[in-house]
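*Asks:* sequence and predicted structure, then a few things I'm wondering about:
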Amino acid sequence: MMSKTRLDELNTNIYDFKNKDDYAYKIDKGLSKEIVEEISRQKNEPSWVLDIRLKALETYNKLNLPTWGPNLDELKMEEIATYVRPKADIKDKWEDVPTEIKDTFEKLGIPKAEREYLAGVGAQYDSEVVYHSIKDELLSQGVIYTDFDSAIREYPDLVKEYFSKCVPIFDHKFIALHYAVFSGGSFVYVPKGVKLEMPLQSYFRLNSPESGQFEHTLIIVDEGASLHFIEGCSAPKYNKVNLHAGCVELFVKENAYLRYSTIENWSKNMLNLNTKKAIVEQNGQVDWISGSFGSHISMLYPMSILKGDNSKTEYTGISFAGKNQNLDTGFKVVHVGKNTSSVVSSKSISKNGGIATYRSLVRILPNATNSKCSVTCDGLMLDDLSRSDTIPVNDVQNSDVEFSHEAKVGKISEKAIFYLMSRGLSEEDAKAMIVRGFANPVSKELPMEYAVEMNRLINLELEGAIG
Amino acid sequence: MEINKSPILTSVNYGINNIDFPQSEIKYSHGKFNSFTTCGTENCSIKTNYGILAPEFLVKQNQNFCTSIVIKKTQDEPIILNFDLDKNNSVLIDYLSIKVENFVNAKVIIKYKSNADVYHNSLININATENSNLDVLVINDLGKNSTNLIKFNNLVQENGKLYYKIIDFCSNYTIHNFNSKIEENSLCELKSIYIGGENCLIDLNYTQNLLEQNSCCSIDCVGAISGNATKNFKGTIDFKKGATKSKGYENEMCLLLSNTAKSKALPMLLCGEEDVDGTHSSSVGKIGDKELFYLMSRGIDRNEAIRIFVKAKFNIVLKDLDEQTMKEILDRIDKELDNER
Amino acid sequence: MSSLLEIKNLSAKVKDKQILDNLNLNIGKGEVHVIMGPNGAGKSTLANVIFNNPQYTKTSGKVIFNGKDITNAKTDEIARDGVFMSFQTPEEVEGISVFNFIKTAKQKITGQNVYFADLRKEIAKNMEELEMKPGMDNRDLNVGFSGGEKKKNEILQMLELNPRLAILDETDSGLDVDAIKLVSKGINLFKNDENAILIITHSTKILEMLKVDFVHILIDGKIVYTGNSELAKEIEENGYNSFKVGE
């Protein structure tokens, strides 16, 4: 008989190197009006931003924790420092970034990626962006790609018009928290008709223990424009929990296209309670590519609101839940306009006691006639210690739709393992190959270099530990 | 890490199932229910009581009919339980307990019928013991303005087989709560069809728990709704730890026959065991214009074409009915579809 | 000693059902053997048992390949030793391209790095011989392939992995005459004096296109009769009944 698959966690990986907790300023732990005001003072920001912060804090205090999903008892806000300013100002040349921080991003391959295939890069270290740069020819076309603080200063009208209009502050408790203490993140504006050939990437690194990262990403892709945006994140592992409650607001205008890719590899002590939403106008399209590997607990449900007629969205996601991980992820889509379409493909792998949950919403409103939605989800169980749950809500409010939902759960087919072994692959190789194949629909949607990176992450997760 | 009660709460968040049934709508029994007949019960022991406590809320305090049937010998002819509600028997709160003994094969048909507006709340407990094989068919036809609340509890023991079929001509409130516990090597198959219109609220909650190895279950739910009807469906297949080599299949399909009918579905697949095979699918749609056109081009009128489509979808249950029941049900479906226009 | 495969008193069961019963078979270098028999005789079991498919259990006997006892070897080890099995219904595996699969398998079997461009050329050539659609090697392994495409893909893998012994399990079943011709062409391309082929089949059509040295009749888990290619013709005319009666 074949042995059962047993995968052990890798104790170290290349993301897990700690720098000294060496900062210019770290705010007191906890959350209070004083702390929120102090963050605002530290950032020297206009009063309208502080007003939003304080209103959000009030909302945060009023709202309850979600009654569903993973247990969040481990989160103790009084032990989290919500703002940590690194010992560096924002720079637009890597050589100006302090050595230790620069080395961090070198190890993560960011400057190399920028030289080779990115149109612009932003890098955030703890609460502040330390590097931001964009290719000159894009600047001359009017593309804006900058850190969020600079955007508030330099483009106040544009920021005011869109900020918190896609994800309102009262959406849920952790988005209220986000708006109270947000810091860093990127602002992107792509003018009408401008099509970016190469992607932009923002990378978020959380180094400081017992702290939180609350970056705000706001992207506007104007009429007929097109953009591929990549988001990466990682952190070293500490014994106490860290918190990530970022927010991504995407505005996709008429005939515009946006692809938003994420490879998330937070350390296994991270609570990742992130919110991402897109509003898509007529004939626009937003595609989400999402790979979730890290974090202790994730609650992440990107959402597309198909507001304009003929708008479209696709979601391709994979999550990999290992030991001590509870990844509660999924996709939400609301069909508002006519002839709208959504295609959802979600995969999960659970092993070593990991819990992978697919939780989703499809809502087709009465006026969204002639709309189409198809959902497939696949759960792969690598052992009998783990869980894989599928909890989709499908709410169809008009009859002129094509809607279908399919889901499967099970283990790697023994027949497939035997077939591969009959061609000379060892049992471990066969299983790893099948798992990589399972993840392939996601990796093939990523640029080559990121697909390689993702496959490497999967190998790390499986390495040496099967059999 | 422990799993909290997230599936239930998710569904509550979206207003699916575990709905608060309005207190004001709850009715109480006045005197015993007399309009009950049976046939085919030669091999059973039956105890019928009026007014003995039955073990669940609502039914518990308040029931006016209670019967317990133990089927002791295999028989080909079905056991039929008829509940005929009418103006004079307009409230039925019943508790049925049906047990089929080891190695016994049997069929049970339970019919709730009414020609008036009635209130019906029942608790049906089924126990398919080791190596038994039981077919259960429940037919609800209680009229448009009635209220129909049913809780189905099932236990299928080792090597047992339970084939459950439910046919519902929906009432104003139609609420099913179905829960099975399925043990080693046993099988529980549920096929449910429903048809509803006007302002019906149809709330179906079907849960199959696979407890031990080599167990098998399915949920097949097909319906057609029209008018302003709303249907909420929650189907759960739960592979509990230890349910190795088990299989679960779930399929939900809802035909919307009007622009104002609404369908919500939550088809869940919960899995705490690796070596299992689980699938579910769910779909919503209307009858395609192309298909209708094709049938109409062969001289079939539109209404007839719709009837043909609906009945084709309902075939999962219809095909296994005996000739006479099938005829009755087909006639009722036709009538129902005609009423909706 | 030119014996390549030696099966001695092999018995095997699936679940509790005995399928092979003291089976003996010798295959020498350069030989083409055919095993025929009615449905359920244990033909496909034989291939799977040689390869130690975990669904089957050997209850007695030995399998010696090229002088090495592989009775209890793991499936992949047997493959690396130079035995190939074509599957009756090859598995569909999503996300792995035919090309990458062959490349990986070839590296495992030869123990050497395989160069992308060389292999591309080689596979393209063999695909042309088998009249496979260009680009098939970029598709996911067997996913959505027709029956004929799957069988050709098996033969393609055989040509690429170049085993010492190829066991072809019902490679011809369900194929039309043209497809059988192409499969036989593939087999003839592969065949040389150093390797050997064991064909498991229930039809005689493919045998008309191949030069066969031995035909064995397998009934109830045993080889009941061994002859030459004439035997196949006889079976086509009279069926297996005469062999059953003689038992």
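*Replies:* Looks like it came in fine. Numbering: from 1, shown residues only, chains lettered A, B, ... in the order given.
*Asks:* going forward, measure contacts and count neighbours with C-alpha atoms only.
*Replies:* Will do.
*Asks:* average pLDDT across stretch C:48-64?
*Replies:* The predicted model gives stretch C:48-64 an average pLDDT of 90.
*Asks:* spatially, what comes nearest to whichever residue of chain C sits closest to chain B if we skip its sequence neighbours?
*Replies:* In chain C, the residue that lies nearest chain B is C:Q55 (14.2 Å; CA to the nearest CA). Computed as CA to CA, 6 or more residues apart in numbering or on different chains, the closest residue to C:Q55 that is not its neighbour in sequence is C:V14, at 6.5 Å.
*Asks:* tell me the pLDDT at the one you found?
*Replies:* According to the model's per-residue confidence, C:V14 sits at a pLDDT of 86.
*Asks:* before we move on, what about C:L165?
*Replies:* For C:L165, pLDDT reads 94.
*Asks:* surely it touches C:I197?
*Replies:* Yes: the pair C:L165 and C:I197 passes the contact test of CA atoms under 8 Å, sitting 5.6 Å apart.
*Asks:* those two: which is more packed in?
*Replies:* More crowded of C:L165 and C:I197, by other CA atoms under 10 Å in any protein chain shown: C:L165, with 29 against 26.
*Asks:* which strand residues bridge the residue nearest to C:Q55?
*Replies:* In this entry, C:V14 is beta-bridged to C:K17, C:Y56, by DSSP bridges.
*Asks:* how many other residues sit next to C:K121?
*Replies:* Applying the criterion other CA under 10 Å, we find 11 residues in the vicinity of C:K121.
*Asks:* and the next element down the chain from the strand or helix carrying it?
*Replies:* Under DSSP states H and E, the secondary-structure element containing C:K121 is helix C:116-129. With elements assigned by DSSP H and E, the helix or strand that comes after helix C:116-129 is helix C:147-161.
*Asks:* tell me what that following helix is packed against?
*Replies:* The contact analysis (3 or more CA pairs under 8 Å, 6 or more residues apart in numbering or on different chains; DSSP states H and E) places helix C:147-161 against strand C:83-86, helix C:98-110, helix C:116-129, helix C:177-190.
*Asks:* chain center to the third one, what's the gap?
*Replies:* Yep, that's helix C:116-129 we're talking about. For helix C:116-129, the distance between its averaged C-alpha position and the chain's averaged C-alpha position is 22 Å (CA atoms, centre = their mean, to the nearest Å).
*Asks:* can you list the buried residues in that helix?
*Replies:* Of the residues in helix C:116-129, those with enough neighbours to count as buried (16 or more other CA atoms under 10 Å in any protein chain shown) are C:L119, C:I123, C:A124, C:N126, C:M127.
*Asks:* just put those in CSV and tack on pLDDT.
*Replies:* Output for those, formatted as CSV (pLDDT from 0 to 100):
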residue, pLDDT
C:L119, 93
C:I123, 94
C:A124, 93
C:N126, 93
C:M127, 94
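*Asks:* and of the residues you listed, the nearest to B:D84?
*Replies:* Using CA to CA, the shortest approach to B:D84 within these belongs to C:M127, at 71.7 Å.
*Asks:* I'd say that closest one and C:R120 touch.
*Replies:* No: proximity of C:M127 to C:R120 does not meet the contact threshold set by CA under 8 Å, at 10.4 Å.
*Asks:* who touches the helix or strand A:Y203 falls within?
*Replies:* With elements delineated by DSSP H and E, A:Y203 resides in strand A:200-205, which encompasses its position. Residues from elsewhere that reach strand A:200-205 (CA atoms under 8 Å, 6 or more residues apart in numbering or on different chains): A:110, A:118-126, A:185-186, A:227-235.
*Asks:* quick one: which of those residues sit in helices?
*Replies:* Members of these lying in helices (criterion: DSSP state H): A:I110.
*Asks:* where does the residue in the stretch 201-350 of chain A positioned nearest to chain B fall, phi/psi-wise?
*Replies:* Shortest the stretch 201-350 of chain A-to-chain B distance, computed as CA to the nearest CA: residue-wise this is A:N324, at 7.2 Å. Per-residue torsions, A:N324: phi 60, psi 20 (degrees, to the nearest 10).
*Asks:* my guess is A:G184 contacts A:E128. True?
*Replies:* Yes: A contact is recorded between A:G184 and A:E128 when judged using CA under 8 Å, the distance being 5.0 Å.
*Asks:* among those two, which residue is more densely surrounded?
*Replies:* Neighbours per residue, other CA under 10 Å: of A:G184 and A:E128, the larger number sits with A:E128, 28 against 24.
*Asks:* contacting residues for that one?
*Replies:* Residues in contact with A:E128 (CA under 8 Å, 6+ apart) are A:V84, A:R85, A:P86, A:S183, A:G184, A:G185.
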